[in-house]
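Participant: whatever this is, show me its structure:
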Amino acid sequence: MDKLAILSFMRWLDTASDEEIEEHRLYIISKSKNVGRDGRADVNLALRLLDEEVIARLNLRRSSK
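Facilitator: Next up is the predicted model:
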């Protein structure tokens, strides 16, 4: 992914609901079977960013209790 695509994806992550994030994760996983070697890094990056957002939200919820 180029820098603009990453920034756009991260902006979307900031506003996405938990359900939207999970739907997007499932979409990425379903399409990853059709990705070549070069695209695998992009898939892994997208999944890692999704995971980091979910973890950050869980930590925020835990600390606010």
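
Participant: all helices for the chain, in order.
Facilitator: For the chain, helices defined by DSSP state H occupy the ranges 3-15, 18-31, 37-63.

Participant: tell me which residues of the shortest one come out buried.
Facilitator: Yep, that's helix 3-15 we're talking about. 9, 13 (16 or more other CB atoms under 10 Å). From N, CA and C alone the C-beta is placed, and that goes for glycine too.

Participant: need the helices of the chain in TSV with mean pLDDT, can you?
Facilitator: Shown next, in TSV, are the helices of the chain (pLDDT from 0 to 100):
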stretch	mean pLDDT
helix 3-15	95
helix 18-31	96
helix 37-63	94
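
Participant: in space, what's closest to the residue most central in space within the chain - neighbours in sequence excluded?
Facilitator: Nearest to the mean C-alpha position of the chain, counting by CA atoms, centre = their mean, stands L50 at 2.6 Å. Nearest residue to L50, sequence neighbours excluded (CB to CB, 6 or more residues apart in numbering): R25, at 5.2 Å.

Participant: tell me if I'm right that that neighbour and V43 touch.
Facilitator: No - if you go by CB atoms under 8 Å, R25 and V43 don't touch, sitting 10.9 Å apart.

Participant: no further questions, thank you.
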